[in-house]
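Novice: when you get a sec, could you give me coordinates for this:
(one chain, ligands or ions: 2)
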Amino acid sequence: MSLFNTIFYKSYHTRLCVTSAHGFHLRPAASFANTAKQFSCNIFVSFKDKKADAKNINALLSLSLDTQDCFMLTARGKKAKEALETLTKQFSRLMQNDQESEPAQKEETLYEGKTITGETIAEGIAIAGLYEYKTKKISTQRNLSLHNALKESLQELDNLHAIYGTTPGGNIYLAQKELLKTLIQENKTIQAFENTVKKISDSLAGTSNEAKISDYQDLLGRIKKHLGLEEKMILPDIPFILIAEDLLPGQIEQLSQSQAQGILLKRTSLRSHTAILLRAAGIPSLVLTGPDGMEPLSFSNPAILDAHTGVFICTPTQNDLQKAAKRLQKNTAKTLQIRAKRFEKSYTAQGKPIHLLANVSDVKSAKEAKEEGAEGIGLLRSEFLFTQAKPSFETQVQAYEEIFALFENVTVRTLDVGGDKALPYLQLPPEHNPFLGIRGIRLFQTHPHILEEQLQAIFTAAKNRPIKIMFPMVAYVQEFIQAKAFAQNVAKTYALDICNIQFGIMLEVPSVLFQLQHFNEVVDFYSIGTNDLSQYLFAIERTHPILKNDSDLSALYEALLKITAEATKPVSICGELASDQKALPKLLAMGIDTLSVSPGYISLIKEEIRHV
Ligand code: PEP
Ligand code: MG
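Specialist: Ligands and ions are numbered 1, 2, ... in the order given. Below is the predicted model:
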């Protein structure tokens, strides 16, 4: 505490009580410490005989404030009164909002086989062989300094927060990041870090705050991974139910990408971060409560994990297996229930309407989109009308007419051939890097006739409908201007009225990000193609069999933020990211209000939106 603050300023105090049933744990504490940091005055929390700096999340957690505990919050220094008022309000909000969904009420148990009971962590049914938790130490030569390993760990937590957004899962990663930042300041070597974690673990062991240990161990594991000392789970590549003592929150990432059908934990708190992340990942899970006496584990025979009734059956009877399979079907029926609401508009929890359009490729998929509840077509991948043989002008007109008759809002993308999409009858010169070659709008230079006929067919079918035309692979403003002029010329040549037609671009080449001011002056709209934008942003071919460009999406999110901040024309997203449930909160928070997804995703994404 600075001497200046002690001498010249008055202290302000208030007494606050922890009302959340979960205590003052990592997530609210991270948020509280962050707010405290915005003030320059000294702020501290006194509880029993301990005192903690309110700006230090680790110090706050060390108080182990549990439900019903009351503490004194004191501020002294510049704007101390304001700090106290702000923090008091925030604390009360944090306590009220700390209502992470309670596990569902148990249903009746109906199985014949010997059951072992458990508490439900995440609902659902799993039928698969039982597999016991195993890990393997993987040492890789990373030669990374502790400083860089910490940096990478922070970056990783940032990315996970970006992916999960403002969901309970996302908040865990944000809070862990804050905790790690504090620990970095206090521990300058990996040994010091390890000692701190050990000390904290020892002091919390056996207390009601034991669950906190896993966050510290998780952070240690993450840093060690970046130092090349990873302890990784070994998982089967066929469906399985995992049984483990407990898991660290960070291990759920690996499990959600595996064949895990269900998880049995011998000890974890239902409100631990591991449990929250299991719920976020939707993996049926139980924490076993007894009786003990698990029969010998069998991976070859199916066991049942029923997280609706809270039981595990190691050796189920045929009847049991049938019952469980039926229940699984019921779950599927729930999915159908969501589907039943597919024609209803989707509004966020705050009441903001979000438009759900479809990505289609022909008349058949456009009809499917209608049937699935799409409000329009955000991307007609017109090249698929051309795949087998070049369609005649009349065939093209007919296809467009049928699609335009289904929806009022249709965006047609002009031929996007090249890269991974070749047409057998369209001669393209051999290229070393086809993804960087003649693709999309570049066909205007090499194959103007096929585009002339396509535009004529679209304009003819549109009549006076307000259709949108979108050019793919645009890298330069001039390209767009020339393509639009080309289209206007086609309309003039064939005396077709295009005054209701808008022209926009697929935003999928990174150069556009740096010319948005110029594009704003000429385009009518943008549709972000995150598939290609990722490909070109990360320089990883989208069809590459080994390399994946989705491990760290923070640069992509930065790009999207830049677009939404600088675009003055309507922006929608038609790349795969629009159907990624984890990305949804983030995209909506950026102000995106129109998404275009494959027809099969429409009902699901609409339902998700209702909960964001
Ligand atoms: C994209 O690039 O994100 C996109 C939607 O277009 P396509 O996948 O057809 O290239
Ligand atoms: Mg694309």
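Novice: contacts and neighbour counts: CA atoms only from here.
Specialist: OK.
Novice: which SSE is the residue nearest to E375 when sequence neighbours are not counted in?
Specialist: Distances taken as CA to CA, 6 or more residues apart in numbering place L357 nearest to E375, at 5.3 Å, with adjacent residues excluded. According to DSSP states H and E, L357 maps onto strand 353-360.
Novice: for that strand, buried residues please.
Specialist: By neighbour count on 16 or more other CA atoms under 10 Å, the buried set for strand 353-360 is 354-360.
Novice: would you say Y12 is within a strand?
Specialist: Yes. If the criterion is DSSP: H, G, I helix; E, B strand; the rest coil, then Y12 is within a strand.
Novice: isn't it up against M72?
Specialist: No. The criterion here is CA atoms under 8 Å, and Y12 misses it with M72 at 10.1 Å.
Novice: around the closest residue to ligand 1 within the chain, how many other residues sit close by?
Specialist: For the chain, the residue closest to ligand 1 is G529, as judged by CA to the nearest ligand atom, at 2.9 Å. If you count neighbours by other CA atoms under 10 Å, G529 ends up with 23.
Novice: please report phi then psi for it.
Specialist: Main-chain dihedrals, G529, degrees, to the nearest 10: phi -100, psi 90.
Novice: can you pull the pLDDT of the residue nearest to E375?
Specialist: As predicted, L357 sits at a pLDDT of 97.
Novice: can you get me a residue count around N187?
Specialist: Using other CA under 10 Å, N187 has 14 other residues around it.
Novice: quick check: closest non-adjacent residue to it.
Specialist: Nearest one to N187, counting by CA to CA, 6+ apart, is F193 at 5.3 Å.
Novice: sticking with that neighbour, tell me its helix or strand.
Specialist: Short version, using DSSP H and E: F193 is in helix 190-204.
Novice: residues from the chain in reach of ligand 1?
Specialist: Contact residues (CA under 6 Å from any ligand atom) of the chain with ligand 1: 508, 529-532, 574-575.
Novice: make TSV from the residues you listed and add pLDDT and secondary structure to it.
Specialist: Below are these laid out as TSV (pLDDT from 0 to 100; DSSP: H, G, I helix; E, B strand; the rest coil):
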residue	pLDDT	secondary structure
E508	97	coil
G529	95	coil
T530	93	helix
N531	88	helix
D532	92	helix
C574	94	coil
G575	90	coil
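Novice: which secondary structure elements does the helix or strand harbouring F486 contact?
Specialist: F486 is part of helix 477-493 when elements are defined by DSSP H and E. Using 3 or more CA pairs under 8 Å, 6 or more residues apart in numbering; DSSP states H and E, the elements in contact with helix 477-493 are helix 448-462, helix 516-522.
Novice: all helices of the stretch 201-350 of the chain, in order?
Specialist: Under the criterion DSSP state H, counting those that start in this stretch, the stretch 201-350 of the chain contains helices at 213-226, 251-256, 273-281, 318-340.
Novice: worst average pLDDT in those?
Specialist: helix 273-281 (a mean of 81).
Novice: could you check how many residues crowd around Q96?
Specialist: 11.
Novice: how about K137?
Specialist: Neighbours of K137 using other CA under 10 Å come to 13.
Novice: before we move on, what about P28?
Specialist: When neighbours are counted by other CA under 10 Å, P28 comes out with 22.
Novice: helix, strand or coil: sort out it for me.
Specialist: Secondary structure for P28, judged by three-state DSSP, is helix.
Novice: pretty sure it contacts Q96?
Specialist: No. Taking contacts as CA under 8 Å, P28 lies outside contact range of Q96: 10.5 Å.
Novice: check contacts around N500.
Specialist: By CA atoms under 8 Å, 6 or more residues apart in numbering, the contact set of N500 is 464-467.
Novice: could you look up the SS state of it?
Specialist: coil.
Novice: and the gap between it and K468?
Specialist: 9 Å (CA to CA, to the nearest Å).
Novice: what of V412?
Specialist: From V412 to K468 the distance is 6 Å (CA to CA).
Novice: what's the answer for D49, then?
Specialist: 68 Å.
Novice: go on, A75?
Specialist: In terms of CA to CA, A75 sits 58 Å off from K468.
Novice: of these two, who's got more company?
Specialist: Shown here are A75 and K468; by other CA under 10 Å, A75 has more neighbours (27 against 22).
Novice: name the nearest residue to that one, sequence neighbours excluded.
Specialist: I43 (4.3 Å).
Novice: K606 too?
Specialist: Sequence neighbours aside, S346 is the residue nearest to K606 in space, at 5.3 Å (criterion: CA to CA, 6+ apart).
Novice: beta partners for the one you found?
Specialist: S346 has these beta-bridge partners by DSSP bridges: I354.
Novice: pLDDT at it, what is it?
Specialist: pLDDT recorded at S346 is 94.
Novice: what's the answer for A128, then?
Specialist: Value for A128, per-residue pLDDT: 95.
Novice: count the neighbours of it for me.
Specialist: 23.
Novice: for it, give the beta-bridge partners.
Specialist: A303.
Novice: helix or strand: which one has the nearest residue to A59 once chain neighbours are set aside?
Specialist: Spatial nearest neighbour of A59, chain neighbours left out: A52 (5.3 Å); criterion: CA to CA, 6+ apart. Assigned by DSSP H and E, A52 falls within strand 50-53.
Novice: what comes up buried for that strand?
Specialist: Using 16+ other CA under 10 Å as the test for burial, strand 50-53 gives 51-53.
Novice: pLDDT at the residue nearest to A75, what is it?
Specialist: Taking I43 on its own, its pLDDT is 96.
Novice: what's it in contact with, if anything?
Specialist: So I43 contacts 36, 53-55, 73-76, 80 (CA under 8 Å, 6+ apart).
Novice: again, 10 Å this time
Specialist: 1, 11-13, 33, 36-37, 52-55, 73-77, 80, 83-84, 87 (CA atoms under 10 Å, 6 or more residues apart in numbering).
Novice: so which of these are in strands?
Specialist: Judged by DSSP state E, the subset of these located in strands is 11-13, 52-53, 73-76.
Novice: can you redo these as TSV with distance to T140 and pLDDT?
Specialist: Formatted as TSV, the ones in strands among the contacts of I43 follow (distance: CA to CA, whole Å; pLDDT from 0 to 100):
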residue	distance to T140	pLDDT
S11	53	90
Y12	53	93
H13	52	93
A52	39	93
D53	39	93
L73	47	95
T74	48	95
A75	48	94
R76	49	94
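Novice: okay, those in JSON lines with distance to S139 next?
Specialist: Listed next are the ones in strands among the contacts of I43 as JSON lines, based on distance: CA to CA, whole Å:
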{"residue": "S11", "distance to S139": "53"}
{"residue": "Y12", "distance to S139": "52"}
{"residue": "H13", "distance to S139": "51"}
{"residue": "A52", "distance to S139": "38"}
{"residue": "D53", "distance to S139": "38"}
{"residue": "L73", "distance to S139": "46"}
{"residue": "T74", "distance to S139": "47"}
{"residue": "A75", "distance to S139": "48"}
{"residue": "R76", "distance to S139": "49"}
